[in-house]
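*Asks:* need a 3D model of the following:
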Amino acid sequence: MTEHNITLSDLEGLDLEDFDPAEYITSDEAAAAYITQALATNDAAIFAAAIGDIARARGMTEIAKAAGLGRESLYKALRPNSQPRMETMTRVLGALGVRLVAEVVGSGKGEKVSGVAKKEAAVKPRSGGKSAAAKPAAA
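*Replies:* Residues are numbered from 1 along each chain as shown. You can find the predicted model right below:
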């Protein structure tokens, strides 16, 4: 915060109220938009925190139960730097009524995504590389 010559000690003297995003997540659409913005940061800790905010907004006990987790396990999975398993996050997202959807970035014409060309990452046929369309028609 030194870009503007403001330090944390400067903020402490302002008597600001704590901000709780859970108070503002009042609809499914708001929850989905919040998760989308968290994912856009490419930061797993921010993503987990967003899921935690939404779970708190909806009730941690209810979300834990719907996800098949204990309440303490849910808190543990969503604490900072916890690195929860994908299975856990999927179960929690399901309990929140949200699913993740992939979308194409760029034009989809072979440019690199995270250092791997899209064409290289494509699934290739397993047997000899020939598809059904390449077989000659029966006489």
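*Asks:* can you pull the poorly scored residue ranges out of the protein?
*Replies:* Counting by pLDDT under 70, the chain shows low-confidence ranges at 1-3, 108-139.
*Asks:* could you redo the last one with a cut-off of 50?
*Replies:* Low-confidence segments of the chain (pLDDT under 50): 1-2, 120, 124, 127-139.
*Asks:* hey, where'd the helices end up in it?
*Replies:* 8-12, 28-40, 44-58, 60-67, 71-78, 86-95, 118-121 (DSSP state H).
*Asks:* out of these, flag the one nearest Ser107.
*Replies:* helix 118-121 (9.8 Å; CB to CB). The C-beta positions use only the backbone N, C-alpha and C, and glycine is treated the same way.
*Asks:* pull the distance from stretch 31-46 to the chain's centre.
*Replies:* Average the C-alpha atoms of stretch 31-46, do the same for its chain, and the two points are 5 Å apart (CA atoms, centre = their mean, to the nearest Å).
*Asks:* er, stretch 44-57 I mean
*Replies:* Computed by CA atoms, centre = their mean, the chain-centroid distance of stretch 44-57 equals 9 Å.
*Asks:* re the thing from before, out of the helices of the chain, indicate the one that is most buried.
*Replies:* Neighbour counts (mean count of other CB atoms under 10 Å) averaged over each of the helices of the chain peak at helix 44-58, with a mean of 20.
*Asks:* out of the helices of the chain, which is closest to Gly106?
*Replies:* That would be helix 118-121 among those, by CB to CB, at 8.2 Å.
*Asks:* on that earlier part again, okay, the helices of the chain in JSON lines with distance to Val105 next?
*Replies:* Output for the helices of the chain, formatted as JSON lines (distance: least, CB to CB, whole Å):
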{"stretch": "helix 8-12", "distance to Val105": "36"}
{"stretch": "helix 28-40", "distance to Val105": "11"}
{"stretch": "helix 44-58", "distance to Val105": "17"}
{"stretch": "helix 60-67", "distance to Val105": "30"}
{"stretch": "helix 71-78", "distance to Val105": "27"}
{"stretch": "helix 86-95", "distance to Val105": "21"}
{"stretch": "helix 118-121", "distance to Val105": "10"}
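*Asks:* cool, thanks, talk later.
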